[in-house]
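Asks: return atomic coordinates for the entry below.
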Amino acid sequence: MTAIENFLIDCELRMDKSIGATRIEFNSVRTGRASAALLDRITIDYYGTPTPLNNIATISSPEARLLSVQPYDATQIRAIEKAIQESDLGLMPSNDGKLIRLPIPSLTEERRRDLVKVVRRYAEEGKIAIRNVRRDVMKHLEELVHDGAVGDDEERRAEAQVQKLTDEHVKKLDDLLKHKEAEIMEV
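Replies: Okay, here's the model as predicted:
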């Protein structure tokens, strides 16, 4: 396998990871339906160590508009409740000493528009990550030409392939964004 092929494979893998990370961010934006993924970004200070909520509690969705969080360690229920209140999710937890219930309120039109802005920001961050990968690979290709490892024609062909990969991945992100926007605006 040539150095150029290695760079192209690495480029595609890194761009795929950028899309995967953006998809995870999209899943953490609520759409009016209860989903355990809403709480993926919440971390709890668990005995001095920032720990993801899903590592210290069972998160389930017993109803379409309700999430329940059951900590493995009942002494952490206050810390979990506080972390959820301080998050940007806009959820008000209630607990009975063993279980935290999170009713998912209906989204107002204004809140839906705000969430669409958040999702667009995540998509833009994903596109920036993809363009950064392209920039890095282009720089490495230029270094190969500068070092005499490949010729100008090979570099141009590789750059065209990198641009094609970039365009394909940006289109995938745009499609994901369009789908998520429709999901958020659905009443």
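
Asks: ok, now which ones touch the residue nearest the centre of the chain?
Replies: Centroid-nearest residue in the chain: Glu25, 2.4 Å away (criterion: CA atoms, centre = their mean). Going by CB atoms under 8 Å, 6 or more residues apart in numbering, Glu25 touches 122, 125-126. Every C-beta, even on glycine, is put in place using the N, C-alpha and C of the backbone.

Asks: for it, give its distance to Pro93.
Replies: Going from Glu25 to Pro93 by CB to CB, to the nearest Å gives 22 Å.

Asks: ok so, going back, Ile80: which of the contacts of Glu25 is nearest?
Replies: Comparing these against Ile80 with CB to CB places Tyr122 closest, at 24.7 Å.

Asks: and the strand or helix carrying that closest one, what does it pack against?
Replies: Per DSSP states H and E, Tyr122 falls inside helix 109-147. Helix 109-147 sits against helix 3-27, helix 152-185, with contacts defined as 3 or more CB pairs under 8 Å, 6 or more residues apart in numbering; DSSP states H and E.

Asks: for Tyr72, which of these is the nearest?
Replies: Taking CB to CB as the criterion, helix 3-27 is the member of those that comes nearest to Tyr72, at 23.1 Å.

Asks: helices or strands up against the helix or strand following the closest one?
Replies: Following the chain from helix 3-27 toward its C-terminal end, the next helix or strand by DSSP H and E is strand 43-46. With contacts defined as 3+ CB pairs under 8 Å, 6+ apart, strand 43-46 has these neighbours: strand 49-52, helix 53-56, helix 77-86.
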